[in-house]
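Chemist: Quick one, what's the 3D model for this:
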Amino acid sequence: MEKTLVVLKPDAIQRGIAGEILTRFEKVGLKIVGAKMLAPSYDHLYHHYENIGKMVSRRGQKAFDVTLAMMNAGPVIALVLEGVEAVALVRKMVGATEPKSALPGTIRGDYSHMSFGHADANDVGIPNLVHASGDTTEAALEIAHWFSESEIYTYETAHEKFTQTKKK
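Modeler: As a prediction, this is how the structure comes out:
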């Protein structure tokens, strides 16, 4: 089974929709194998967004700075989700990074709407509710950064036989 990291950002927590977002992942058959609420330090976020995500080289220093400021606006909930092709499934469910471009039916399309242009003009981070790993390599690095091995659990859910197929 594949694992992926999801971080419910401060805007999701402060709006009181963390449970709704988490429910969407569970309803599609993803299993929560790690979860915790925390207020990550600047160094923790720097490692996540730059050392792993290469945000400065991809989007520039200004985007990096406003993202870290937004991520420090309150606590986050970090999750490790597991399931069949979990990384791609979560990315599809979350929707485009820019909420304005996210399709209806996605988390960002249903719960957020701001454009990059508006956020840039106002020097704010884009409140897009959720971070989701971009690929399996990034997921492995991010999970190792946010969780220790002892914080990842193995168990069987009642509905796994309907969401996963195993050879007999």
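
Chemist: which stretches of this structure have low pLDDT?
Modeler: Across the chain, residues meeting the criterion (pLDDT under 70) sit at 165-168.

Chemist: Look up the closest residue to residue 110, ignoring the ones flanking it.
Modeler: The shortest distance from residue 110 to any residue that is not its chain neighbour, by C-beta to C-beta, 6 or more residues apart in numbering, is 6.5 Å, and that residue is residue 104. For glycine as for every other residue, the C-beta is placed from the backbone atoms N, C-alpha and C.

Chemist: Oops, could you answer that again for residue 115 instead?
Modeler: The shortest distance from residue 115 to any residue that is not its chain neighbour, by C-beta to C-beta, 6+ apart, is 3.9 Å, and that residue is residue 100.

Chemist: tell me the contacts of that neighbour?
Modeler: For residue 100, the set of contacting residues under the criterion of C-beta atoms under 8 Å, 6 or more residues apart in numbering consists of 113-116.

Chemist: if we can go back for a sec, and the gap between the residue nearest to residue 110 and residue 68?
Modeler: Computed as C-beta to C-beta, to the nearest Å, the residue 104 to residue 68 distance reads 30 Å.
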